[in-house]
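*Asks:* just to be clear, the model below is a prediction. Sequence and coordinates:
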Amino acid sequence: MNVRTQSKFIPAMLAVFALAGCATTQKIDWPARFGHYTYDQAVAEFGRPGEYAKSADGVTVADWMIDRGHVEVPSNSRIATPGGFAGPRMPTFGNPYVPNYYMRLTFGPDGRLKGYREFAR
């Protein structure tokens, strides 16, 4: 690659990386959807819920998993000193489990959104 091509290629690549780094997911304004967002729209947007219940009075409650939990394994790595001795391993403490995160949408008897909350389980 000659110098002239490089002078055009490098700024273009930097622009691509900068734009890619700016991409974020937009947070949904759930209160703005209260009263007009329907269960069918939620299924079209998020797919079938993991859990679904409809009460006798017509209220529908549906849960979608929004982030899968996992177990974080500590590394127990040693930090070497200038002399080369790393020292004894230090025990790690804490709960390495990260739970699943869910969103729960509640729809009234009219089929319109009336409640939203996120929770972990």
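*Replies:* Good, I have the coordinates.
*Asks:* these two touch, right, Pro99 and Glu118?
*Replies:* No. Using CB atoms under 8 Å, Pro99 is not in contact with Glu118, being 11.7 Å away. All C-beta atoms are positioned from the backbone trio N, CA, C, and that covers glycine.
*Asks:* which residues in this structure form strands?
*Replies:* 51-54, 60-67, 70-71, 97-98, 101-107, 113-120 (DSSP state E).
*Asks:* given the third one, what are its sheet partners and their directions?
*Replies:* Okay, so that is strand 70-71. Its sheet considered, strand 70-71 pairs with strand 97-98 (antiparallel) by DSSP bridges.
*Asks:* just the first one next, same as before
*Replies:* When sheet partners are counted by DSSP bridges, strand 51-54 sits next to strand 60-67 (antiparallel).
*Asks:* where do the helices sit along the chain?
*Replies:* 3-21, 30-33, 39-46 (DSSP state H).
*Asks:* which of those helices has the lowest average pLDDT?
*Replies:* Ranked by mean pLDDT, those end with helix 3-21 at the bottom, a mean of 55.
*Asks:* tell me the pLDDT of Pro99.
*Replies:* 87.
*Asks:* hmm, I was thinking of Thr81
*Replies:* With respect to pLDDT, Thr81 scores 58.
*Asks:* likewise Met1?
*Replies:* Met1 is given a pLDDT of 55.
*Asks:* and what of Thr25?
*Replies:* Predicted confidence (pLDDT) for Thr25: 63.
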